[in-house]
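Visitor: with the sequence up front, the predicted model follows.
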Amino acid sequence: MRNSLSPRQFLLISSVLVGLSSALAVIVLKSFAHMVLVFAKDLNHKLHFKYLDFILPVFGIVLTIWITKKLLNGKLEKGTWRIIYAITKKSSIMPRKQMYAQVITSSVTVGFGGSAGLESPVTITGAAFGSNYARVYKLTTKERTLLLACGVAAGIAAAFNAPIAGVLFTLEVLLADVGITAFIPLMLAAASGALLSAAILNESILLSFKNMAVFELRNVPFYMILGVLTGFIAVYHSRVFNKVETWMEHVKLKPYQKGIFGALLLSVLIFIFPSLFGEGYDSIRSLSAEKVFDLMDGTLFENFNQTWFPLLFIGAVVFLKAIATGLTLGSGGNGGNFAPSLFVGSYTGFAFAYGWNLTGLAFALPVTNFTMVGMAGMLSGLFHAPLTSIFLIAEITGGYGLMIPLMIVSSISFAISKRYSNHSMDIVKLADEGHVVRADKDRHVLSSIESADILEETLVVLKPTDTISTLFATIQHAHQALIPIVSDSGILLGMIYLDDLPTILPVYSAEPNTPLELVMEPIRYSLNPRNTVEQIMDMFEHSKLNYLPVIDNDQVLGYYSKRRLLEAYRNKVMDSMVE
């Protein structure tokens, strides 16, 4: 097929095929999760046992751990940051097992009630389809990155029947730089995924709403307040989730023991607040229809009929969702934070409008509108993707009547979240390690360079008792930019930079037997092998040096050269232009 088509035609057809593959993954994931949810409800009804839901997550997380150990060699790579890492560090190459690993594990975790979302696994699966499709046909890195992005765009589009949001998500979250020629493949992939998903999945599985009220200018101040509220809750959710997930990951238990421990804690939360079960999209539908008391049916609070009590119930769920999701993923389950962000946002928007209406002051707020717009605010705050948030909610509500409120809430929430965290919650750990600084194109290129590739190993070292005469004899055959001065035990004591030789030369002429310990420079700046290239460049800028020693456990391993780093940067830029 490829030989009979032009490169551009082949790429366009490939984008459609990748989009359809991603949509199929979405269909499998969504269908299974919905099937388990319906099964649990039917079983509850038949057995007259209201609280079965809180038992299922234990089974789901333990089964996920078993699948990981038996089928995936004990390693499950989770999180959207895996895609970004593949783009910046692995030339957009993703492991083949990611084409099925995410589908199997996340469907089991979320299907049986794990408090997470399916969208992050969907994006990883779509990215893996695109990456490995490109590898089969031996496409360039640039083409492979584009098809990887097509898989992600199609996954989001299929999950929500929102093709525009799928395209914007790849541009805001994944691609640091994109030309106009990339838009057509991305749009084809997203449209293909959305069409296939809409043709097979029904509205009870897809998230869609049609009962929006007309936008009124008088509500603008309240939307601004909602933007502030969702911004701060997004910061809370991100920090609490990361702390809980990290705590669970460091619990010193064997995998199955950790899974059961975390799942039992999750089950307690679900027992008290069943809304935390699974993705939670059904409860969003209930809120949008203003059926707030339906959320408490069959719970410990079903007999609390006071009109103000739902505020307490919903408020507790908003702040507990981060803990529930952290327990789900930290204990061994698989999923993402896309659905939880929509869940928390809808609850926040509903609680704000519902609480205002209970006061009876002035006029009533449209609860459904605030529920929808709250989702955009939370998604924007957590993922730093305001455009995706705006158009996603616009598409799933069937129109653009809420465009102005969506823009207000998303932009304010994004600004507040950005004030307290430079990076979205899915890549904050990666960014802390210096791997990703996506907003800066220069940094993006630097992040694609491995520090080991620019390390120049030190072959010759001298001792502090050696003389200047020995130094000048050594540099005649040692092609090094610096000479480490080490003790008998190998501990680095100081450094002599060849740039400083003009200042040492008069001493050499007068006293050639002067010990090096009298002329060596103290170690003011140094790096270690774990520093990223971005951190190395920052150190060069700060120190104003051209060479920096690399030290680990007081042992000198070599040095980084600014010239070599800039040369590697230039080669990366040239390679991307050629491709």
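Guide: That came through fine.

Visitor: please make it C-alpha for all contacts and neighbour counts, starting now.
Guide: OK.

Visitor: can you pull out the helices in the stretch 1-150 of the chain?
Guide: 7-47, 56-71, 81-89, 98-111, 119-136, 141-160 (DSSP state H, counting those that start in this stretch).

Visitor: nearest to Ala568, out of these?
Guide: Smallest distance to Ala568 across these (CA to CA): 13.9 Å, for helix 81-89.

Visitor: what bits of the stretch 201-350 of the chain have low per-residue confidence?
Guide: Counting by pLDDT under 70, the stretch 201-350 of the chain shows low-confidence ranges at 202-206, 208, 210-211.

Visitor: and the stretch 51-200 of the chain, by the same measure?
Guide: Where the stretch 51-200 of the chain drops to pLDDT under 70, the residues are 51-53, 176-180.

Visitor: give me the residue at the spatial middle of the chain.
Guide: Asp426 (2.5 Å; CA atoms, centre = their mean).

Visitor: so that residue sits in a helix?
Guide: No: counting by DSSP: H, G, I helix; E, B strand; the rest coil, Asp426 falls outside a helix, being coil.

Visitor: that one and Gly381 touch, don't they?
Guide: No: counting by CA atoms under 8 Å, Asp426 does not reach Gly381; the two are 11.7 Å apart.

Visitor: on that earlier part again, point out the most buried one among the helices of the stretch 1-150 of the chain.
Guide: When you average the neighbours per residue for each of these (mean count of other CA atoms under 10 Å), helix 141-160 leads with a mean of 31.

Visitor: rewinding a little: in a markdown table, list the helices of the stretch 1-150 of the chain along with distance to Gly166.
Guide: Formatted as a markdown table, the helices of the stretch 1-150 of the chain follow (distance: least, CA to CA, whole Å):
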| stretch | distance to Gly166 |
| --- | --- |
| helix 7-47 | 11 |
| helix 56-71 | 28 |
| helix 81-89 | 15 |
| helix 98-111 | 19 |
| helix 119-136 | 10 |
| helix 141-160 | 4 |
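
Visitor: quick one: which of those helices is nearest Lys254?
Guide: helix 56-71 (10.9 Å).

Visitor: packing partners for the closest one?
Guide: Packing partners of helix 56-71 (3 or more CA pairs under 8 Å, 6 or more residues apart in numbering; DSSP states H and E): helix 98-111, helix 255-272.

Visitor: continuing past the longest one, what's the next helix or strand?
Guide: It stands for helix 255-272. Per DSSP states H and E, the first helix or strand lying C-terminal to helix 255-272 is helix 281-288.

Visitor: name the element Ile551 belongs to?
Guide: Using DSSP H and E, Ile551 sits within strand 547-552.

Visitor: please state the offset of that strand from the chain centre?
Guide: Chain-centre distance of strand 547-552: 31 Å, with CA atoms, centre = their mean, to the nearest Å.

Visitor: in it, which residues are buried?
Guide: By 16 or more other CA atoms under 10 Å, the buried positions in strand 547-552 come out as 547-551.

Visitor: what's the answer for stretch 384-401, then?
Guide: For stretch 384-401, a neighbour-count test (16+ other CA under 10 Å) marks 384-397 as buried.

Visitor: can you pull the contacts of Ala263?
Guide: Residues in contact with Ala263 (CA atoms under 8 Å, 6 or more residues apart in numbering) are 57-58, 61, 327-328, 331.

Visitor: out of the helices of the stretch 1-150 of the chain, nearest to Leu566?
Guide: Among the helices of the stretch 1-150 of the chain, the nearest to Leu566 by CA to CA is helix 81-89 (17.3 Å).

Visitor: counting contacts, what elements does that closest one pack onto?
Guide: For helix 81-89, the packing partners by 3+ CA pairs under 8 Å, 6+ apart are helix 119-136, helix 441-447.

Visitor: try 10 Å
Guide: The contact analysis (3 or more CA pairs under 10 Å, 6 or more residues apart in numbering; DSSP states H and E) places helix 81-89 against helix 119-136, helix 141-160, helix 428-432, helix 441-447.
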